[in-house]
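Chemist: this is the structure alone, sequence omitted:
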């Protein structure tokens, strides 16, 4: 399977020396599908490889560098727009990794700009961004109301000139999810950067990555997100550091998810680790791609899709939400 090949190459770049042409095709296909081709290009830089692979990976390195520049510029623009409000603007996910110069940001694909602000400041933040050129992506009244009442973020916005999206978070999981991370603590313990923006503390950055991967989705992009965690966890190998991290995860009610992250990280990117039966289902989901990078194991993917909805809201609420979405789609299609 190509995803397993990708994991091995990220873990041990020298392993690519044994690849034939078909192996390189599978590896690059998986990296593109998992949005890790820039990361792979960074990891394999300077190692011998076929000329065709070298050209592809060189282009990926250049594209990742351009993406890094765009992400940092977009963060600057958002921070400038919000500066008069005097509220903390905490960068999240890929933009945070590159802004803080972390290993997780090396070659990383970055899509939307994700920021965290205090919930009580949302009205002012929303108005300031609209004044600065952002506009709504989801004009549908039901979707707008759903985001504002139940989600951990405003409806997504896109800049009308730069065509770049921003997701404004006030916490890191939907309000209907079972874990309830302490958003005030995330903000209070965030770390300032030189340009006036902030990033989460190292422990909270890991907790957010854990929440994003295991408590709020169907594991799409899981190879990349677990690699992020692997890089972020490199500074937590010492027992006292790991103890601090576990204490913080308990505070955010994410302890079981952190333990799964540690096991899967050890199994896929470390020296191996013992897995539970449920852990093996996660591995099956993460590695489900054929040699062309196409997703396989549809029933496993469907099971995790159902799980993702179950994580986000109670059954009765989920049923009402899906029924409403179905009726809206049915009316549009008629």
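Modeler: Arrived safely. Only a predicted model underlies this, so the values are computations on that prediction, with no experimental measurement involved. Numbering: from 1, shown residues only.

Chemist: where do the strands sit along the protein?
Modeler: Along the chain, counting by DSSP state E, strands occupy 90-92, 113-116, 134-136, 157-159, 165-169, 191-192, 198-199.

Chemist: pull the distance from the longest one to the chain's centre.
Modeler: Its chain's C-alpha centre lies 13 Å from the corresponding centre of strand 165-169 when counted by CA atoms, centre = their mean, to the nearest Å.

Chemist: check which helices and strands that strand is in contact with.
Modeler: Other elements packing on strand 165-169 under the criterion 3 or more CB pairs under 8 Å, 6 or more residues apart in numbering; DSSP states H and E are strand 113-116, helix 122-131, strand 157-159. For the C-beta atoms, the positions are set from N, CA and C on the backbone; glycine is no exception.

Chemist: please identify the most buried of these.
Modeler: Most buried of these, by mean neighbour count (mean count of other CB atoms under 10 Å): strand 113-116, with a mean of 26.

Chemist: just checking, what packs against it?
Modeler: The contact analysis (3+ CB pairs under 8 Å, 6+ apart) places strand 113-116 against helix 51-82, strand 90-92, helix 93-99, strand 165-169, helix 183-188.

Chemist: if we use 7 Å, what do you get?
Modeler: helix 51-82, strand 90-92, helix 93-99, strand 165-169 (3 or more CB pairs under 7 Å, 6 or more residues apart in numbering; DSSP states H and E).

Chemist: residue ranges with poor pLDDT in the protein?
Modeler: For the chain, the stretches with pLDDT under 70 are 1, 138, 313-334.

Chemist: one step back: could I get the helices and strands packed on strand 113-116 as CSV with mean neighbour count and distance to residue 310?
Modeler: Output for these, formatted as CSV (neighbours: other CB atoms under 10 Å; distance: least, CB to CB, whole Å):
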stretch, mean neighbour count, distance to residue 310
helix 51-82, 17, 32
strand 90-92, 24, 24
helix 93-99, 24, 24
strand 165-169, 21, 22
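
Chemist: of the ones you listed, which is nearest residue 234?
Modeler: helix 93-99 (12.7 Å; CB to CB).

Chemist: so what does that closest one touch, helix or strand wise?
Modeler: helix 51-82, strand 113-116.

Chemist: check the offset of that helix from the chain's centre.
Modeler: Relative to the chain's own centre, helix 93-99 is displaced by 10 Å; criterion: CA atoms, centre = their mean.

Chemist: then stretch 120-138?
Modeler: In terms of CA atoms, centre = their mean, the centre of stretch 120-138 is set 23 Å apart from its chain centre.

Chemist: quick one: which of the helices and strands packed on strand 165-169 is nearest residue 256?
Modeler: For the helices and strands packed on strand 165-169, the distance to residue 256 is smallest for strand 113-116, at 23.1 Å, taking CB to CB.

Chemist: now what about that closest one, what contacts it?
Modeler: Strand 113-116 is contacted by residues 71, 74-75, 78, 89-93, 95, 164-169, 186-187 when judged by CB atoms under 7 Å, 6 or more residues apart in numbering.

Chemist: mind putting the strands of the chain in CSV, distance to residue 261 included?
Modeler: Listed next are the strands of the chain as CSV, based on distance: least, CB to CB, whole Å:
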stretch, distance to residue 261
strand 90-92, 17
strand 113-116, 19
strand 134-136, 33
strand 157-159, 30
strand 165-169, 20
strand 191-192, 21
strand 198-199, 19
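
Chemist: mind listing what the residue nearest to residue 2 when sequence neighbours are not counted touches?
Modeler: In this structure, residue 2 finds its nearest non-sequential neighbour in residue 30, 3.6 Å apart by CB to CB, 6 or more residues apart in numbering. When contacts are counted by CB under 7 Å, 6+ apart, residue 30 touches 2, 3, 5, 6, 289, 293.

Chemist: quick check: residue 191 touching residue 202?
Modeler: No: at 8.2 Å, residue 191 does not count as touching residue 202 under the criterion of CB atoms under 7 Å.

Chemist: between the two, who's got more neighbours?
Modeler: Ranked by neighbour count (other CB atoms under 10 Å), residue 191 and residue 202 place residue 202 first, with 20 against 14.

Chemist: and the closest residue to that one other than its chain neighbours, how many neighbours?
Modeler: Nearest residue to residue 202, sequence neighbours excluded (CB to CB, 6+ apart): residue 235, at 6.4 Å. Residues within reach of residue 235, counting by other CB under 10 Å, total 14.
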